[in-house]
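# Fold the following.
(chains A and B)
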Amino acid sequence: GAVVSQHPSWVICKSGTSVKIECRSLDFQATTMFWYRQFPKQSLMLMATSNEGSKATYEQGVEKDKFLINHASLTLSTLTVTSAHPEDSSFYICSARDQSLGFNQPQHFGDGTRLSIL
Amino acid sequence: AQKVTQAQTEISVVEKEDVTLDCVYETRDTTYYLFWYKQPPSGELVFLIRRNSFDEQNEISGRYSWNFQKSTSSFNFTITASQVVDSAVYFCALSGRLTGGFKTIFGAGTRLFVKA
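Below is the predicted model:
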């Protein structure tokens, strides 16, 4: 089945550091990628949607200057948490969909990145 | 409004019991898609099933079965003879044009504990 690789799986860093998370689709073209944030024992909160070659569309309340998203190719999207602070600590999950096959395609998820800011 | 409600926050069963996870959705779309995902303790989300709104056939896959009823806007998920490995959080999700360009809206999730 479709595979999405997310890296790194775990990051611990100091406050003020910028952290980049990569999301790769390994065996399909990810025309659309989604970035989610999940707090403990809560559901997934969509942060932004990105289409290859276009600027990301951010959900209301998500700071685009804080969470930089790049989707430069059909297989790679990156999320950069700039100048991270302890409140940015969370579980970040990417997902990808080949929208060229239709909107009924399921999203395939990466394994997530646990970000801890000290 | 487009919404997915999973009223059961946590369910605890003993191994080999059957368990049904409820999902109720709201949408004004005439064409939409429903999904179930599993999130085990390790964190990754696993796709389980997709159902199109115009296909009300129930589906069975091994110990898993899904009951889709448009009349009650429900898409319930049953695990038969549950096993410890079924312990996870299960998310029901909805996608359609009115969710904002076919973005996927997730329910709050149901945490299933299966005890040996």
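
# in chain A, which spans are strands?
Using DSSP state E, the strands of chain A run over residues A:4-7, A:10-13, A:19-25, A:32-38, A:44-51, A:57-58, A:67-73, A:76-81, A:90-97, A:108-109, A:113-117.

# and the second one, what does it pack onto?
So the one you mean is strand A:10-13. strand A:19-25, strand A:113-117 (3 or more Cβ pairs under 8 Å, 6 or more residues apart in numbering or on different chains; DSSP states H and E). No exception for glycine: its C-beta is placed from N, CA and C like everyone else's.

# if you compare these, which one is most tucked away?
strand A:19-25 (a mean of 21; mean count of other Cβ atoms under 10 Å in any protein chain shown).

# can you give me the offset of it from its chain's centre?
On the basis of Cα atoms, centre = their mean, to the nearest Å, strand A:19-25 sits 7 Å off its chain's mean C-alpha point.

# ok, back up a step: of all the strands of chain A, which one is nearest B:Y32?
Distance to B:Y32, taken as Cβ to Cβ, is lowest for strand A:90-97 among the strands of chain A, at 15.4 Å.

# helices or strands next to the closest one in the packing?
So strand A:90-97, by 3+ Cβ pairs under 8 Å, 6+ apart, packs with strand A:4-7, strand A:19-25, strand A:32-38, strand A:76-81, strand A:108-109, strand A:113-117.

# thinking again about what came up before, now the strands of chain A in a markdown table, with mean pLDDT?
Formatted as a markdown table, the strands of chain A follow (pLDDT from 0 to 100):
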| stretch | mean pLDDT |
| --- | --- |
| strand A:4-7 | 94 |
| strand A:10-13 | 95 |
| strand A:19-25 | 95 |
| strand A:32-38 | 93 |
| strand A:44-51 | 91 |
| strand A:57-58 | 92 |
| strand A:67-73 | 91 |
| strand A:76-81 | 95 |
| strand A:90-97 | 93 |
| strand A:108-109 | 90 |
| strand A:113-117 | 95 |
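
# Quick check, A:H108 in contact with A:C23.
No - look at A:H108 against A:C23 with Cβ atoms under 8 Å: they stay out of range, at 10.4 Å.

# Next, show the common contact partners of those two.
Taking Cβ atoms under 8 Å, 6 or more residues apart in numbering or on different chains as the criterion, A:H108 and A:C23 both touch A:V4, A:A96.

# Between the strands of chain A, which one is closest to B:I105.
The nearest among the strands of chain A, by Cβ to Cβ, is strand A:44-51 at 8.2 Å.

# gap between the closest one and the chain center?
7 Å.

# ok, now stretch A:71-86?
That offset, for stretch A:71-86, works out to 7 Å (Cα atoms, centre = their mean).

# near chain B at all, it?
No - if you take Cβ under 8 Å from any Cβ of the partner chain as the test, stretch A:71-86 misses chain B, and the best it gets is 15.1 Å.

# Give me the distance between the two termini of that stretch.
Separation of the first and last residues of stretch A:71-86 by Cα to Cα, to the nearest Å is 26 Å.

# what does it rub up against?
By Cβ under 8 Å, 6+ apart, stretch A:71-86 touches A:13, A:15-26, A:29-31, A:33, A:35, A:47, A:50-54, A:56, A:65-70, A:88, A:92, A:94, A:96, A:115, A:117-118.
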